[in-house]
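K.L.:
Sequence below, structure please.
(2 chains)
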2 protein chains.
Amino acid sequence: MYELLKSINTPDDVKKLKNDELESLASEMREALFNRLTKVGGHFGPNFGMVEATIALHYVFNSPKDKFVFDVSHQSYPHKMLTGRRNGYIDDEKFSEDSGYTNPEESEHDFFNVGHTSTSIALAAGLANARDLKGDTENIIAVIGDGSLSGGEAMEALNVAGEMTSNFIIVVNDNEMAIAETHGGIYKNLAELRETKGKAVNNLFKAYGLDYIYEENGNDIQSMISLFNKVKDIDHPIVVHIHTQKGKGYALAETNKEAWHWTMPFDRETGAPTVSFGDGENYLGMTIDYIMEKAEKDKDFVVITPSMPGAIGLSAEKREKLGSQYMDVGIAEEAAVAIASGVAKNGAKPLVVTNMTFIQRAYDQISQDICINNNPVTMVMNFCNFDGLTDVTHLGIFGLAAFTNIPNLVVLAPTSAEEYKNMLSWSVDQKEHPVMILIPGNQVSHREADDNFDRIDSYKVEQKGEKTAIIALGDFYQRGEVLAERIKEELGYTPTLINPRFASGIDSTVLDGLKSDHSLVITLEDGILSGGFGEKIASYYGTDKMMVKNYGLNKEFYDRYDPETLLREVGMTTDQILEDIKIFHS
Amino acid sequence: MYELLKSINTPDDVKKLKNDELESLASEMREALFNRLTKVGGHFGPNFGMVEATIALHYVFNSPKDKFVFDVSHQSYPHKMLTGRRNGYIDDEKFSEDSGYTNPEESEHDFFNVGHTSTSIALAAGLANARDLKGDTENIIAVIGDGSLSGGEAMEALNVAGEMTSNFIIVVNDNEMAIAETHGGIYKNLAELRETKGKAVNNLFKAYGLDYIYEENGNDIQSMISLFNKVKDIDHPIVVHIHTQKGKGYALAETNKEAWHWTMPFDRETGAPTVSFGDGENYLGMTIDYIMEKAEKDKDFVVITPSMPGAIGLSAEKREKLGSQYMDVGIAEEAAVAIASGVAKNGAKPLVVTNMTFIQRAYDQISQDICINNNPVTMVMNFCNFDGLTDVTHLGIFGLAAFTNIPNLVVLAPTSAEEYKNMLSWSVDQKEHPVMILIPGNQVSHREADDNFDRIDSYKVEQKGEKTAIIALGDFYQRGEVLAERIKEELGYTPTLINPRFASGIDSTVLDGLKSDHSLVITLEDGILSGGFGEKIASYYGTDKMMVKNYGLNKEFYDRYDPETLLREVGMTTDQILEDIKIFHS
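P.N.:
Residues are numbered from 1 along each chain as shown, chains lettered A, B, ... in the order given. This is a model prediction of the structure:
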């Protein structure tokens, strides 16, 4: 098994294979994909579709002299297998050696650590610019999926490419899908180009000033080799539009492309996931329940997402049911947020849904388009927690630093099911504030909660005590509860426990109230300390006698870490904090 | 004078005018533009070009029921004159009543406070979406300049518009210019469309799935009226491409479009500015000198800007001289930053140039494309200072909060000419760090400075003293010097004065060194406190006896303020700080 694949140590080895061997190699690579993905999960559809094209790329071009940049890395696994990293796919012991993304630390054949979409054309244009400055002559090849084209960064870069005058090859891997279905006017043009085999007179890429070539047989190795040979060493920018089949080689994935964009570990026979998260209640389910009920009774309510209905698990069936109350703008965070501002301004009630790491792309639009205008947009963000996604490109730990410092934006960090639901329905219906709600990453917990958040920045004192006050934000509230309990047990007094709820503000009444009978305030937050929640508290007490100790993560790009180990490293396990408290109070 | 204009209290009054009166109104409006712009300055070219089209818009549509959204507001002055705000143009006493941007607080005919480009299509799409949800039927009209089309947010929104199915009118005001010349492949297509009077088969807007109509005579009122009548109440999205002349009606501006995009107060006869900033040395001049010298001796050096050569005053002549070492990517901050990352990765030396407020748009790209990959890109930012641009949409005061919390990014805040020049040349040549340099907004000052910044996050103790330590960042260093002097004079001891230089890190050696003989640390910074520099110092000393007082601005969207008054409001004049110190030490 994997006989040919095992012979590929560098891309040079691909060039030695005969045509029929290349075909066999493709089969082995699909088997290798199955081996890894059934066992650890990962991006499925895009990789299965790109096997043949990737073989052809390495057959024709000379990596790493010629340079490939794979957009968002979703379709980079075949490339990894052919560049010395097959063991991450065929040797179960070595899965962890390879990340799910391109990574220069893994291989000289990767140039960027990339996990957000729509970046490959710009990054590659930069490589090409430097090549020209230095007088070098290698090929620069950007690979981008059709779904990623809708992102502003990709289109900005297409526009730049249209003015370049040297070698630059943009491979558009058109599998007729984004993560979910594609959305937007350009996809009509892409369909027309596919239908006319690239001959349609109206052509998005030509309108960007680019040369263009089309190939229908994106899953045929020989067609791809011949195509890439045509454009190799070309002296100007060209778009190479190839048509591939997402999920190619696995019937279930070919049929249900959205479900198989990314997969959990699964049973190859049935396609059923082999791990379970329990089917009890969870925060995403609550979010969906809220959305469906709200949409039914309030026709002004609309859900807007930049191609991430999956951020809350909103199924195609439910989207269908929402009808015009659901708007997928394609991978386009900036537009999503600006459109939401317009929706709010004209009196309707927008709810923006995506992951925390992706909304970063709309930082300016949240500040300028929403918050300067103070329009009541609600944004619910998934994966804000440090123990959710741990790939460096998908961390949620920067959200507090990014968004709690934007004026007018109310950032809410719920700590229980009741609080989350109350916050959601309060936010969507109020007309005074832009609001961002951090979906809890914890197991669901229940606690009686206020249903009024109008008193902005009011913290909730959940337990009044003495000496030490624990201000435990959002997902770390439960750790605060445990710490409070341990203080009582081991240090013999009842500390005050505060659920701030508002991550973006200071409750001076509560904070001032602590001064008389507390000497230590501890803040716990689920993110980097730098620019986050706790530092504001430290600054508030700066000239008081109150000691303040902020617990949180360092300002670092952590990558694929074990969450509990990380907590220990930064000294914020309950045991470590208890030891600190003893010292502070000694 | 202004006889007709004075009769226009609402857009309804425009509709009552006869054809020849409309022509006279246009002349009066140009006179009114001259009146304001010669005296207070502002956006010139875009407004002079849009007089006729704006009259026609208000003649045909019914604002505010029908809703106009003007991109970046550069071309909104004629609209303001016709919506009850003529006095801001014809009555010198009332200039200050109108901001230079659209503003819902000024008028019900404005829907957004907007000052960044490329937002109008998305914002208007949101208005349209809410209209449809509510079952209303008004026209929604986005107006966008050709230069703004290159921004990702605009193209994302064009893509969304291409899928909309109800009334939506996108007026593309094509004056063949961005702020500087336009850049990118789409402008070849726009030129082709102009040359063929809209008939070219290849059509960017149609490739986005949009209906399209062209009108050559964008400065002819009757042509415009007839055009807008054709699309009024249309039942689907359409791009209305009009050709106007930037600076129309002022020969100097028609000829030199870039210089007259925005103007200082000027003499109408000669075009010469009537205010002077002195011609002594300044930080922008230093930047240009550095660039020209560096480019000449280092062919790997390249300047990249998202259409903002003006951020450092880089003239067309100098850009010409830089040749391939200058890259204007169009208004496209995301691509600018990602391209710079690629340039650095491939071994060349990129310098990104723009204003602090605009680089916000590349927040995600700075984090992901540059900093995760730790590529040595240098970004020099202008207008980081609180007393530079005071329009709410152009504030530099959020830069520290936005960018000092991104891992791996070194943010440098120089305090003198020597330091700035050393930082610039160190940063461009080093290969270890992404760096952002805040161009000082102060008058140039001189001081001996280190030429080595390799010891990242090392603060410089400029004066060693006792009791009180002043950590004065960047532009506020000089205020720190004054404060130190006053403490010596009035409180009778010499305080320590620290120039941190690194805005993004903590120098624990220096901070720990203060503990033995200081009881108060004061931080001064040129930006909002929330998420900024001082809070990190407060957190550092959280459990020590050291008192820390952070001075800076509140987390607020200040608008058109007097800088010195604002300082007093937040309590950070030298007198106020001195009073505080007396109390802290009492």
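
K.L.:
Could you measure from residue A:488 over to residue A:470?
P.N.:
Per Cβ to Cβ, to the nearest Å, residue A:488 is found 11 Å from residue A:470. Quick note: C-beta positions are derived from backbone N, CA and C, even for glycine.

K.L.:
and for these two, which residues touch both?
P.N.:
Residues touching both residue A:488 and residue A:470 by Cβ atoms under 8 Å, 6 or more residues apart in numbering or on different chains: residue A:495.

K.L.:
Just the closest residue of the stretch 301-450 of chain A to chain B, please.
P.N.:
In the stretch 301-450 of chain A, no residue comes nearer to chain B than residue A:342, which is 1.9 Å away by Cβ to the nearest Cβ.

K.L.:
Am I right that that residue is in contact with residue B:122?
P.N.:
Yes - if you go by Cβ atoms under 8 Å, residue A:342 and residue B:122 touch, sitting 7.0 Å apart.

K.L.:
out of these two, which sits in the more crowded spot?
P.N.:
residue A:342 (35 against 30; other Cβ atoms under 10 Å in any protein chain shown).

K.L.:
Show me which of residue A:488 and residue A:470 is the more surrounded one.
P.N.:
A count of neighbours by other Cβ under 10 Å puts residue A:470 above the other of residue A:488 and residue A:470, at 28 against 14.

K.L.:
contacting residues around that one?
P.N.:
A:480, A:483, A:484, A:495, A:496, A:497, A:498, A:522, A:524.

K.L.:
Out of these, flag the one nearest to chain B.
P.N.:
Ranked by distance to chain B (Cβ to the nearest Cβ), the contacts of residue A:470 are led by residue A:522 at 9.8 Å.

K.L.:
how many other residues sit next to the spatially closest residue to residue A:432 that is not a sequence neighbour?
P.N.:
Excluding its sequence neighbours, the residue lying closest to residue A:432 (Cβ to Cβ, 6 or more residues apart in numbering or on different chains) is residue A:376, at 6.4 Å. Other residues near residue A:376 come to 23 when the count uses other Cβ under 10 Å.

K.L.:
again, but for residue A:264
P.N.:
Residues contacting residue A:264 under the criterion other Cβ under 10 Å number 16.

K.L.:
Any idea which helix or strand in chain A has the lowest mean pLDDT?
P.N.:
Sorted by mean pLDDT, DSSP states H and E, the helices and strands of chain A end with strand A:262-263, the least confident at a mean of 86.

K.L.:
Any idea how far that strand is from the middle of the chain?
P.N.:
In terms of Cα atoms, centre = their mean, to the nearest Å, the centre of strand A:262-263 is set 14 Å apart from its chain centre.

K.L.:
so who does residue A:184 touch?
P.N.:
A:150, A:329, A:330, A:332, B:159, B:160, B:162, B:163, B:208, B:209.

K.L.:
Swap in 6 Å and give it another go.
P.N.:
Shown in contact with residue A:184 (Cβ atoms under 6 Å, 6 or more residues apart in numbering or on different chains): A:150, A:330, B:159, B:160, B:162, B:163.

K.L.:
taking these one by one, which sit in strands?
P.N.:
For those, not one is inside strands, with DSSP state E as the criterion.

K.L.:
Of the contacts of residue A:470 - the most surrounded one?
P.N.:
residue A:522 (29 neighbours).

K.L.:
my read: that residue touches residue A:548, true?
P.N.:
No - Residue A:522 lies out of contact with residue A:548 (Cβ atoms under 6 Å); the separation is 7.9 Å.

K.L.:
in chain A, what spans have low per-residue confidence?
P.N.:
A:277-279 (pLDDT under 70).

K.L.:
what domains does the record give for it?
P.N.:
Following automatic domain parsing, chain A resolves into domains at A:3-263, A:285-438, A:460-584.

K.L.:
ends of the shortest one, how far apart?
P.N.:
It refers to domain A:460-584. 25 Å (Cα to Cα, to the nearest Å).

K.L.:
would you say residue A:241 is within a helix?
P.N.:
No - assessed with DSSP: H, G, I helix; E, B strand; the rest coil, residue A:241 is strand; it does not lie in a helix.

K.L.:
Quick check: beta-bridge partners of it?
P.N.:
residue A:172, residue A:214 (DSSP bridges).

K.L.:
what helix or strand does residue A:321 sit in?
P.N.:
helix A:316-322 (DSSP states H and E).

K.L.:
Tell me if that helix is near chain B.
P.N.:
No - contact of helix A:316-322 with chain B (Cβ under 6 Å from any Cβ of the partner chain) is absent, the minimum separation being 11.6 Å.

K.L.:
centre of the chain versus that helix, how much separation?
P.N.:
For helix A:316-322, the distance to the chain centre is 23 Å (Cα atoms, centre = their mean).

K.L.:
After the lengthiest helix in chain A, which helix or strand is next?
P.N.:
Determined from DSSP state H, the single longest helix within chain A is helix A:19-40. Counting by DSSP H and E, the next helix or strand C-terminal to helix A:19-40 is strand A:42-43.

K.L.:
Tell me the neighbouring strands of that following strand, and mark each as parallel or antiparallel.
P.N.:
strand A:262-263 (antiparallel).

K.L.:
Residues contacting the partner strand, please?
P.N.:
A:37, A:41, A:43, A:44.

K.L.:
TSV please, covering those residues and showing neighbour count.
P.N.:
Output for those, formatted as TSV (neighbours: other Cβ atoms under 10 Å in any protein chain shown):
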residue	neighbour count
A:37	25
A:41	17
A:43	22
A:44	27
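
K.L.:
Go ahead and confirm the residue nearest to residue A:432 touches residue A:431.
P.N.:
Yes - if you go by Cβ under 6 Å, residue A:376 and residue A:431 touch, sitting 5.0 Å apart.

K.L.:
ok, back up a step: for the buried ones among the contacts of residue A:184, write the corresponding ChimeraX selection.
P.N.:
Remark: buried members of the contacts of residue A:184, expressed as a ChimeraX selection using 16 or more other Cβ atoms under 10 Å in any protein chain shown:
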select /A:150,330 /B:159,160,162,163
